[in-house]
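A.B. asks: Pasting a predicted model and its sequence here:
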Amino acid sequence: MVGSLDRVSSAPTALSRAVILGVVAALLFGEGCGLSSSPGTVLRFWAMGREGEVVAELLPEFERANPGIRVKVQQLPWTAAHEKLLTAFAGDATPDLCQLGNTWIPELVALDALEPLDRYAAASPIVDAADYFPGIWDTNRVDGTLYGVPWYVDTRLVFYRRDLLTAAGFPDPPRSWPDWRRMLAAIENERSPDRHAILLPLNEFEPLLALALQQDDPLLREDGRWGNFAAPGFRRALAFYLEMFQRRWAPAVADAAISNVWNEFGRGRFVFYVSGPWNIGELRRRLPAHQQDTWMTAPLPGPDGPGASIAGGSSLVVFRASRHQAAAWRLIEFLSQPSVQRRFHALTGDLPPRRDTWRDPGLAADVHARAFRDQLERVRPAPKVPEWERIATEMRLVAERAVRLGLSVDEATRELDARADRILEKRRWILARRGAG
Amino acid sequence: MKSVGAAWWFVAPALVVIGVFFVLPVFAALAMSLTDFDIYALADSRNLRLVGLRNYAELLQTPLFWKAFRNTLYFVVVGVPLSIGVSFGAALLLHSRLVRFPGLFRTALFAPVVTTLVAVAVIWRYLFNPHYGLLNYALSRVGVSPIDWLGDPSWAMPAIIVFAVWKNFGYNMIIFLAGLQSIPEPLYEAARIDGASIWRQFRHVTLPMLAPIVTMVNILTIAGYFQLFAEPYVMTQGGPLQSTVSVLYFMYEEGFKWWNLGSASAVAFLLFLFIFAVTAVQLRLARWTHAS
């Protein structure tokens, strides 16, 4: 039984297959007939999921503008991407450039797999650091060195049912935690048996992480050597998070128990939902036309006024082992042009990382995207250590235990620090050795 | 002498393949389980530390490992008898003369084994849905209040067991059916002439004749069920409250999600030792009952 792991891998689209075929044909033809003396540079570009399917549509323009360069796109399914990158590194088979979730950058930097991009960015007329949202740009810097250029951004904020919130007596969305508390309590008091005020799925760490990033205390201390969860900042975030469950504003459920979160949102089973930009498209697609006016997005409330949220998203990186780094940078520049990013947004719905792109009239008029535009000025990166994703998972697990089993904030933060310190043991050893050597 | 040499040449290709793709990796994994191999070691081999048995010692002190172990044991202790019982019952029904169109039913009952796990998991998630699920609907007809199958830590494993039994019982059913069909008819005839009831025929002809098959099915099923992985991977991702994390799921996360290959190899060897011990006990028990 079991053992085998079925994976859903997406087949390359006809277009990318055509590109690959074209490249192969060009090589064979060029070499076989001796028509061209140089076969040109072939860039190997790995992209993931939907972006991998769509980016091929943008590339013919790049190839026309750069006759010497051909781009070969390989799509990776997100579920297999991390594994594939690490095995490629182990087998010296990394591509020239790659789309990379920005929380993975520290890990690949630890592997010394990425090429620093500072000198390229400094000389570039297109990639203008000041035009990018600062929090997003910052996720690409590790120890002061730039390793990636943001491609699209992802953050978490509040989706809410405007009609239900108005009915509860609040015409505007919350701006601060005290506002939010009042609204949550008022909605819950209406005592609709099947309605909760807010949905925070227990299988996601992002809602709690977003609240924690609003605080001044960092989540790890001493250059990522130790957990800092017992600091007042995280305790405040966790206390608010737990309060939402203890007062039954949020149901203690994971995503799997909901089956179809969009239908439930449409039915009014919850009024607030902390989620990301992909749900703009999902809600437009899945809610019936007469309900399209009932929902809206709002920036994430902070402890006292509009708060920060997570600086997520994907970046474009160049691999150190690549022999075509300059050509790879040309492709990054091409994909970073505001006009190309607009087309990319139209194809994917991904939110662009630079302010110039957002000036596009279509994007500026998008009422649901507006809150994201505002939020993006206030996003912060998660701690930049390779172990972070594991620590974030432990954070979710401990928070789930606190919700379901009633751990106190003290117990939960102590447990979390212990787990983080254990995970960071190897990092401390390496830093100590590097310091000594 | 010469023929022995020739025989070695004939088996050599198979042995080479087994050696390269099985024996070698096993020993490499054993060696790896004595190190703290992780992404830092992948970056630079000087970051690799030889830690002896520390991975094993730490695992034995990790609450989640024990939790995964208990979850797996729960799955085996409840799931294996249930699975074998259902397989055996289905095989008896198919073998009896009561059933019309046995070919149709045989195919239908075997179908879950060959369907894609991921696809049927989607269907089962709907069956288990607390609000619209067919299962809760059926239970509500007999007055049972709704159960949050996949969301409640105490019900998630039973849900996984039900799903796994449904998915897997067809395989053993076919083996049992083959066993039943190979019992010579004259034995039953003789029993009937001696006046044995249906139950005594079953007790004194069917069961003893099937004993070797039951032993084999037992061993294979237990070893297989200890390697629970795909069901929780697609249904619950180990949740809620890690109540469906199995040993293999724990190993997968340790190895391929967090890239702690040293510790993951140690998990694999601990699981191997345990399955090995359980199988040895079973074989001894089987031999002992056979002798007595």
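C.D. replies: Nice, I can see it.
A.B. asks: Pull the number of nearby residues for residue 77.
C.D. replies: No chain was given, so I picked chain A. 14 (other C-beta atoms under 10 Å in any protein chain shown). Heads up, the C-betas are built off the backbone N, CA and C, glycines and all.
A.B. asks: Sorry, I should have been clearer: chain B.
C.D. replies: Using other C-beta under 10 Å, B:V77 has 13 other residues around it.
A.B. asks: How about A:L405?
C.D. replies: Neighbour tally, A:L405, other C-beta under 10 Å: 11.
A.B. asks: Next, it: phi, psi?
C.D. replies: Dihedral angles of A:L405 (phi, psi; degrees, to the nearest 10) stand at phi -110, psi 0.
A.B. asks: now do B:L50
C.D. replies: phi -80, psi 120.
A.B. asks: Next, the contact list for it, please.
C.D. replies: Neighbour list for B:L50: B:34-35 [criterion: C-beta atoms under 8 Å, 6 or more residues apart in numbering or on different chains].
A.B. asks: switch the cut-off to 10 Å
C.D. replies: Counting by C-beta atoms under 10 Å, 6 or more residues apart in numbering or on different chains, B:L50 touches B:31, B:34-36, B:262.
A.B. asks: do the same with B:R54
C.D. replies: So B:R54 contacts B:34-36, B:262-263, B:266 (C-beta under 10 Å, 6+ apart).
A.B. asks: for the residues you listed, which one is nearest chain A?
C.D. replies: B:D36 (6.7 Å; C-beta to the nearest C-beta).
A.B. asks: separation between the closest residue to A:A392 other than its chain neighbours and B:M235?
C.D. replies: Leaving aside its sequence neighbours, A:A392 sits nearest to A:F205 (C-beta to C-beta, 6 or more residues apart in numbering or on different chains; 4.7 Å). Remark: distance between A:F205 and B:M235 (C-beta to C-beta, to the nearest Å) = 20 Å.
A.B. asks: thought the residue nearest to A:A392 was touching A:E394?
C.D. replies: Yes. Taking C-beta atoms under 10 Å as the definition, A:F205 is a contact partner of A:E394 at 9.0 Å.
A.B. asks: list residues touching both of those two?
C.D. replies: Counting by C-beta under 10 Å, 6+ apart, nothing touches both A:F205 and A:E394.
A.B. asks: Report the residue spans of chain A with pLDDT below the cut-off.
C.D. replies: Within chain A, the stretches with pLDDT under 70 are A:1-39, A:190-191, A:255-259, A:437.
A.B. asks: Domain map for it?
C.D. replies: A:37-154+A:311-365, A:157-307+A:383-432 (automatic domain parsing).
A.B. asks: Need the phi and psi values for A:L220.
C.D. replies: According to degrees, to the nearest 10, A:L220 has phi -120, psi 150.
A.B. asks: Look up the closest residue to it, ignoring the ones flanking it.
C.D. replies: A:P383 (4.5 Å).
A.B. asks: Longest helix in chain B, please.
C.D. replies: helix B:63-95 (DSSP state H).
A.B. asks: Quick check: the gap between the residue in the stretch 101-250 of chain A that chain B sits nearest to and A:F89.
C.D. replies: Taking C-beta to the nearest C-beta as the measure, the stretch 101-250 of chain A has A:L111 as its residue closest to chain B, at 4.3 Å. A:L111 sits at a distance of 6 Å from A:F89 (criterion: C-beta to C-beta).
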